[in-house]
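Chemist: Provided below are the primary sequence and the corresponding predicted coordinates.
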Amino acid sequence: MVKNCVLLAAVSLLSAIQQAYFALKVENARKKYKVIPPSVTGSPDFERIFHAQQNSVEFYPPFLVVLWSSGLFFNEEIASVIGLVYLFSRCMYFNGYAESTKRRLPGFRIGIAMLLILTSLSIGGIANSVSDKYFDFNLAKKMRKMFL
């Protein structure tokens, strides 16, 4: 089973590296703008970087849950590609927010869309698995037969 999850694991590892990178950017901004921990206020430039990182941390657990559940119950390849798009959107969000609050919106919107897609795939995949296990009805198999 582990070999079947290699793409999900790779995207998850990449996401952890991204989170560490965002934290490093906050540390560098603290030094640049002379904001000493535990303070989180100071220069507006620092505050935007700090909030971009904190918002990314807040979205991280839901991202991992829907990435893995959609990959395990729907399709690993599709979930992994959508996960990569989500990570790209977080970079857009972080970099845009560091420049101005308005520049964060494109990345935010793309990220939310990717989370909604992953959530939908998770729900569909889990519902199909429950239906197959408890009611002996697998919609995915029936659809494949219709189109193949």
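Modeler: Received, thanks. Numbers count the residues shown, from 1 in each chain.
Chemist: what residues are up against the residue lying closest to residue 86 once chain neighbours are set aside?
Modeler: Of all residues not flanking residue 86 in the chain, residue 114 sits nearest, at 4.0 Å (CB to CB, 6 or more residues apart in numbering). Yep, even glycine has a C-beta here, placed from its N, CA and C like the rest. By CB atoms under 8 Å, 6 or more residues apart in numbering, the contact set of residue 114 is 82-83, 85-86, 89.
Chemist: so which of the residues you listed are in helices?
Modeler: The helices, defined by DSSP state H, take in 82-83, 85-86, 89 from those.
Chemist: okay, buried residues for whatever helix or strand the residue nearest to residue 86 lives in please.
Modeler: Using DSSP states H and E, residue 114 maps to helix 105-135. By 16 or more other CB atoms under 10 Å, the buried positions in helix 105-135 come out as 107-108, 110-111, 114-115, 117-118, 121-122, 125, 128.
Chemist: out of these, the closest to residue 29 would be?
Modeler: Nearest to residue 29, judged by CB to CB, of the buried residues of helix 105-135 is residue 107 at 18.2 Å.
Chemist: where does the spatially most central residue of the chain land on pLDDT?
Modeler: Central residue of the chain (CA atoms, centre = their mean): residue 63, 3.8 Å from the mean position. pLDDT, residue 63: 98.
Chemist: could you do residue 1 as well?
Modeler: Predicted confidence (pLDDT) for residue 1: 60.
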